[in-house]
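Undergrad: No sequence on hand, only this structure:
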Ligand SMILES: NC(=O)C1=CN([C@@H]2O[C@H](COP(=O)(O)OP(=O)(O)OC[C@H]3O[C@@H](n4cnc5c(N)ncnc54)[C@H](OP(=O)(O)O)[C@@H]3O)[C@@H](O)[C@H]2O)C=CC1
Ligand SMILES: O=C(CO)[C@H](O)[C@H](O)COP(=O)(O)O
């Protein structure tokens, strides 16, 4: 048994927990580790000479708790959902007032609010903390989105600032707001991740099925795009994945991978929360739906046979440079719209829950470490840093200019893909949102008339103040 030596403890040594423990240990902190499968805790110490001396493996929760300095920092990195509640229930009786439980996995922020309320009532503290960056991020520097009580953050800050990714020297970690704020922001990060990935996949679809490019050719194009406006981790890994060859068959790796996308729920949570807040996060919705449709491969194969003879307009996708340039500009424009939707969701949540989310700071801590990291986030930070009230990124002057310059390319690419029968649900959702958002006189006046006719739901008039009901003809 280790006696009160560890600066922090981690329960859950899967992909993220093990790498986070190594990162913390490497930065000079002593970290107690425990896992349902206990052997993993000892293997983590034994398999990592040089760092292992800062890792204190434990066999039981009693050992784990005894190994921690007080106030104890207990970080859970287990499968989201029920396992988090189970682990919390098991360890709570062993902790003392002032100790801190940290859920660093992905979590539905509603669960975080529930857990936070229950735990804080017992004198313990609870922090919901989003960690992004996957395996390598956890190991060498993730982006960390911290929630929970403001007063609890200083207990974690020295460790988090050391282990977080750095962008131009600044650590990519911040306290973002109370109770569920950290996990809410992580959820929107993942929603944007889904939209970003789906739009890249749609551009890949146009390159493959419209233009007829080979994966290696596409890899070169994406690598080139990664040197300019679209430069980001996701574009970089797109080039890497497209360039890869399957050692078994010698074929491009992407060509042997089944076209069914997995999803663990964070994209869906983002959509649900956006809907609850009345924000149209349509690019994220399209991405989540597209993953759902992709998972019904058998159904899609049947439908493909049933609709084999459907006529699509004879659209020519040439392989010339201007087409590639249009795809690049379309993707860049749609990406701005997707981020605008994600940020609008966070802005609405901030008002609804009284969080005062620091939107510029969120962009800054996403610039490195996380899956959507890119220089583009620097531009978003600047837009929110102006001190002006940016109601939506699509109204920030820099982005108005960029979207105005790129919308024709997006419109042409979407129109061509639609005519050719190539699915572009997220790109077209971005365009539709943009067109809807920029229309001063919309069409829901008709919706209001219908609602008033069938349900006396009332409406407001353009020419008079007040709420009205009209005597419509009986139907
Ligand atoms: N993988 C990624 O790229 C990212 C993951 N996350 C989030 O981090 C969290 C952990 O993910 P990841 O490390 O990938 O998951 P893994 O599947 O690699 O590991 C899961 C861990 O949870 C433990 N566990 C599972 N069920 C229980 C249970 N009922 N009781 C106790 N322990 C349990 C496992 O123990 P055992 O070893 O015994 O099975 C293991 O330590 C999740 O919330 C995930 O969404 C966040 C960012 C990125
Ligand atoms: O949280 C993450 C990054 O920050 C993970 O990448 C995320 O878990 C991936 O989600 P999914 O499996 O649903 O694609």
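TA: Cool, got the structure. Computed from a predicted structure; not experimentally measured. Ligands and ions are numbered 1, 2, ... in the order given.
Undergrad: And residue 104, its phi and psi?
TA: The phi/psi pair for residue 104 (degrees, to the nearest 10) reads phi -100, psi 0.
Undergrad: Quick check, it in contact with residue 20.
TA: Yes. Applying Cβ atoms under 8 Å, one finds residue 104 in contact with residue 20, separated by 7.1 Å. Where C-beta positions appear, they are placed from N, C-alpha and C, glycine not excepted.
Undergrad: Now do the same contact list for the residue of the stretch 51-200 of the chain found nearest ligand 1.
TA: Per Cβ to the nearest ligand atom, residue 105 is where the stretch 51-200 of the chain lies closest to ligand 1, at 2.6 Å. Applying Cβ atoms under 8 Å, 6 or more residues apart in numbering to residue 105 gives the contacts 12, 16, 76-80, 84, 131.
Undergrad: Can I get the buried ones among these as something I can paste into PyMOL?
TA: This is the PyMOL syntax for the buried subset of those, where burial follows 16 or more other Cβ atoms under 10 Å:
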select buried, resi 12+16+76+77+78+80+84+131
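Undergrad: Mind checking which of the contacts of residue 105 are in strands?
TA: Counting by DSSP state E, the part of the contacts of residue 105 found in strands is 76, 131.
Undergrad: Quick one: the strands in the stretch 51-200 of the chain, in order.
TA: For the stretch 51-200 of the chain, strands defined by DSSP state E, counting those that start in this stretch occupy the ranges 55-57, 73-76, 100-103, 125-132, 143-146, 166-167, 170-171, 173-175.
Undergrad: What of the stretch 351-475 of the chain?
TA: Along the stretch 351-475 of the chain, counting by DSSP E, counting those that start in this stretch, no stretch forms strands.
Undergrad: Show me which residues of the protein sit near ligand 2.
TA: 106, 132, 134, 190, 262-264, 266-267, 370-371 (Cβ under 6 Å from any ligand atom).
Undergrad: One more pass at 5 Å, please.
TA: Residues of the chain lying close to ligand 2 by Cβ under 5 Å from any ligand atom are 132, 263-264, 371.
Undergrad: And the residue of the stretch 51-200 of the chain closest to ligand 1, what's its pLDDT?
TA: Looking at residue 105, its pLDDT stands at 98.
Undergrad: With residue 323 instead?
TA: So residue 323 comes in at 88 (pLDDT).
Undergrad: What is the neighbour count of it?
TA: Residues within reach of residue 323, counting by other Cβ atoms under 10 Å, total 19.
Undergrad: So it sits against residue 213, correct?
TA: No. Contact between residue 323 and residue 213 fails when scored by Cβ under 8 Å: they sit 10.1 Å apart.
Undergrad: Surely residue 431 and residue 411 touch.
TA: Yes. Between residue 431 and residue 411 a contact is recorded at 6.2 Å, counting by Cβ under 8 Å.
Undergrad: between these two, which one's more packed in?
TA: Per other Cβ under 10 Å, whichever of residue 431 and residue 411 has more neighbours is residue 431, with 23 against 16.
Undergrad: What separation is there between the nearest residue to residue 280 once chain neighbours are set aside and ligand 1?
TA: With sequence-adjacent residues excluded and distances taken as Cβ to Cβ, 6 or more residues apart in numbering, residue 280 is closest to residue 433, at 5.9 Å. Look at residue 433 and ligand 1: by Cβ to the nearest ligand atom, to the nearest Å, they are 27 Å apart.
Undergrad: Now do the residue of the stretch 151-300 of the chain found nearest ligand 1: how many residues are near it, please.
TA: Using Cβ to the nearest ligand atom, residue 264 is the residue of the stretch 151-300 of the chain that sits closest to ligand 1, at 5.6 Å. A count of nearby residues for residue 264, using other Cβ under 10 Å, gives 12.
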